[in-house]
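**Q** turn this into a model:
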Amino acid sequence: MMNEPPEPVTVLIPAYNEEGAIRDVIEQVGSVMGGCGHEYELLIIDDGSADGTTEAALKAGGARVIRHTANRGYGASLKTGIRAAKYENIVITDADGTYPIERIPDLLEELKEADMVVGSRTGANVNIPMIRRGPKWVLRLLASHVVGERIPDLNSGLRAFRRGCVMQYLAILSDRFSFTTTCTVSMMSDQLRVVFMPIDYHPRVGKSKIVPWDFVNFMTIVLRLSMLFNPIRVFLPLAGLFLAGGAAKFLLDLFFAWQRFGLTWDLLRNPVVSTTTLILAITGVQVLLIGMISDGLVRKIAQRMPGDYVSRGVVALERLENGETLQHHMPTQAGPLEPAGVAAAEEVLA
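**A** Now for the predicted structure:
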């Protein structure tokens, strides 16, 4: 592939009550991006902070700041930033100092051949509290089953993606912390090229905004996404569970009937199959049929609603006159730019 000049990029940082860390993060981004050759803008979305986050960001300099007049959520902040971004390539990271900013150039390099690059927190130095590791593993297992691929990190907040790719999912992306989870599952379900890059994860500055019941919300989001993209992946195992239970209970019914009547004609003259067996079998068939109907509807709707975005996994090959082979990506078409001054948000100028 011919060498291409570095593409411009928007670095997007949502922040909520991050006065203690935001200035250092802005300075790190400026240092890293200033030395990697990419034209860039730094966009801070203050999600209605009650402390001095906006003032700290403005004092640091070098960033556009958009402030929500009320707290609307992590995902809502990212949506505001994506709509307001100047460039097609977008990098998101957190304002709490947990993610290695120095890996942004590596993500952008991988993004040349991908639709999204996720900083997977599987590096040598990962500081995730033990109390969260179990729920995260369960979520990854469920999401991996839904998309049919292994997902090393479902909801990492350091990732690079193409604006036009994410814009087509904006209506279904969550306004809360599950934004990144929804984004990962949606893109992988649609067979877009998602690359996972191992990174470290540092102890955060300040207090975490994640609460224990967010785990239930994440589980609900993954199940809802399975209904939107691949319902058969959920309904088929569930139907199999009911049918297997019905088959096991049927064999148990036969065993007890044999104990009672022996191998005689009484087996045909007396009730052998229990009500429980019938309920399990009928439920399994119903769940299977609902799953097949849901899967058919999803595929039919997908055929009627083709997207404009073309995956970076699609490469066109062209033979040049000198015998060399030229590779280039199909053009992408982003959604229309929306104004930065969205409802309940205001841009703060230094």
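**Q** show me where pLDDT drops low in the stretch 1-150 of the chain?
**A** 1-4, 127-132 (pLDDT under 70).
**Q** could you redo the last one with a cut-off of 80?
**A** Within the stretch 1-150 of the chain, the stretches with pLDDT under 80 are 1-5, 123-124, 126-136.
**Q** tell me which stretches of it form helices.
**A** In the stretch 1-150 of the chain, the helices defined using DSSP state H, counting those that start in this stretch lie at 22-34, 53-60, 74-84, 104-111, 130-147.
**Q** how about CSV for those helices, with distance to Gly164 and mean neighbour count added?
**A** From N, CA and C alone the C-beta is placed, and that goes for glycine too. Below are these laid out as CSV (distance: least, Cβ to Cβ, whole Å; neighbours: other Cβ atoms under 10 Å):
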stretch, distance to Gly164, mean neighbour count
helix 22-34, 22, 19
helix 53-60, 27, 20
helix 74-84, 10, 23
helix 104-111, 13, 20
helix 130-147, 21, 16
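**Q** columns distance to Thr283 on top of these, output as JSON lines?
**A** What follows is the helices of the stretch 1-150 of the chain, written out as JSON lines (distance: least, Cβ to Cβ, whole Å):
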{"stretch": "helix 22-34", "distance to Thr283": "52"}
{"stretch": "helix 53-60", "distance to Thr283": "52"}
{"stretch": "helix 74-84", "distance to Thr283": "36"}
{"stretch": "helix 104-111", "distance to Thr283": "46"}
{"stretch": "helix 130-147", "distance to Thr283": "21"}
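**Q** wait, which of these is closest to Leu158?
**A** helix 104-111 (7.4 Å; Cβ to Cβ).
**Q** which ones are touching the residue nearest to Phe179 when sequence neighbours are not counted?
**A** Counting by Cβ to Cβ, 6 or more residues apart in numbering, Phe179 lies nearest to Gly75, which is 3.2 Å off, once chain neighbours are set aside. By Cβ atoms under 8 Å, 6 or more residues apart in numbering, the residues touching Gly75 are 173-179, 182.
**Q** apply 10 Å and report the result again.
**A** 14, 170, 173-183 (Cβ atoms under 10 Å, 6 or more residues apart in numbering).
**Q** just the ones of the residues you listed in strands?
**A** Counted as lying in strands by DSSP state E, out of these, are Pro14.
**Q** what two of the contacts of Gly75 are the furthest from one another?
**A** Spatially, the most separated pair among the contacts of Gly75 is Leu170 and Phe177, at 16.7 Å (Cβ to Cβ).
**Q** before I go, just wanted to say thanks for your time.
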